[in-house]
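Asker: sequence? don't have it. structure:
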């Protein structure tokens, strides 16, 4: 049984609308998107510090944003904390009371030992200082449990790597899983090839053009069908 002209018209219009709307969903093909490859780096904490494959941490300035000096790069925060560690004192006016000395991190790692940044009062003046803290206490507070990490991070921890077409959050942050610790770092970024970009725009423009003609064809079929029925 051959479909009626009305059915053909509706089908043509439906296909046309789908093609006309392709800018809304063509991004799902990721033809024009770069590819990011992320790698898991396991970090083993010991009584005297930590061990990991230094080559796999190339380009990572610090292992966790909540711990100063853990990677050892000479950041401003790390230089300040090493100054305190070596006997320096930082003072502030007495009307400014603080617990963490205004820092955006909760722990410091210096000379193989974890510390908590603190503010202490001496003779009416507040000083910045470092208080020794246990490795277990600090790691429990600064690391993210595996179950709470984003899906892409969990995949990388589970398999060793993950590739995505969007940058993922929480890279270089410590993730805790079954007593082990690891960070996920960006290992490589590859831009879309010229052929993929060309294909993306061919689909985009061609879909709109073909969709427009499908809609016109469907409308013409409907008009012809009505004319025949009106005779």
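Answerer: Looks like it arrived, so ask away. In this text, all values refer to a predicted model and were calculated from it rather than measured experimentally. Residues are numbered from 1 along each chain as shown.
Asker: now the strands: where do they sit in the chain?
Answerer: Ranges of strands within the chain are 35-46, 49-51, 67-68, 90-92, 107-110, 113-122, 125-133, 144-145, 161-164, 175-177, 180-190, based on DSSP state E.
Asker: Give me whichever of those is most buried.
Answerer: strand 67-68 (a mean of 24; mean count of other Cβ atoms under 10 Å). In short, each C-beta sits where N, CA and C put it, glycine included.
Asker: partners of that strand in the sheet?
Answerer: Taking DSSP bridges as the criterion, strand 67-68 forms sheet pairs with strand 107-110 (parallel).
Asker: Show me what the strand it pairs with is in contact with.
Answerer: The contact list for strand 107-110, computed with Cβ atoms under 8 Å, 6 or more residues apart in numbering, reads 49, 66-70, 81-82, 85, 114-117, 130, 133, 138, 141-142.
Asker: Could you do stretch 57-77 as well?
Answerer: Stretch 57-77 is contacted from outside by 41, 43, 50, 78, 81-82, 103-110, 114, 117, 138, 141-143, 172-174, 183, 185-186, using Cβ under 8 Å, 6+ apart.
Asker: Tell me the buried residues in that stretch?
Answerer: 57, 60, 62, 63, 64, 66, 67, 68, 69, 70, 71 (16 or more other Cβ atoms under 10 Å).
Asker: can you check stretch 192-199 too?
Answerer: Neighbour counts over stretch 192-199 (16+ other Cβ under 10 Å) mark residue 192 as buried.
Asker: List the contacts of it.
Answerer: 31, 32, 33, 34, 35, 200.
Asker: With pLDDT and distance to residue 12 added, can I get the residues you listed in JSON lines?
Answerer: Formatted as JSON lines, those follow (pLDDT from 0 to 100; distance: Cβ to Cβ, whole Å):
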{"residue": "31", "pLDDT": "80", "distance to residue 12": "27"}
{"residue": "32", "pLDDT": "82", "distance to residue 12": "29"}
{"residue": "33", "pLDDT": "84", "distance to residue 12": "32"}
{"residue": "34", "pLDDT": "90", "distance to residue 12": "37"}
{"residue": "35", "pLDDT": "90", "distance to residue 12": "37"}
{"residue": "200", "pLDDT": "80", "distance to residue 12": "25"}
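Asker: give me the low-pLDDT residue ranges for this structure?
Answerer: Counting by pLDDT under 70, the chain has low-confidence residues at 1-4, 54-56, 58-59, 61, 72-73, 89-102, 225, 229-231.
Asker: 80 - rerun?
Answerer: 1-6, 27, 47-50, 52-62, 71-75, 87-103, 119-127, 192, 221-231 (pLDDT under 80).
Asker: Could you verify my assumption that residue 132 touches residue 113?
Answerer: Yes: under the criterion of Cβ atoms under 8 Å, residue 132 makes contact with residue 113 at 6.2 Å.
Asker: Contacts only, for residue 41.
Answerer: When contacts are counted by Cβ under 8 Å, 6+ apart, residue 41 touches 52, 53, 56, 57, 60, 182, 183, 184, 185.
Asker: ok, now which ones touch residue 135?
Answerer: Contacts of residue 135 by Cβ under 8 Å, 6+ apart are 45, 47, 114.
Asker: What is the burial count for the second one?
Answerer: By the criterion of other Cβ atoms under 10 Å, residue 47 has 7 neighbours.
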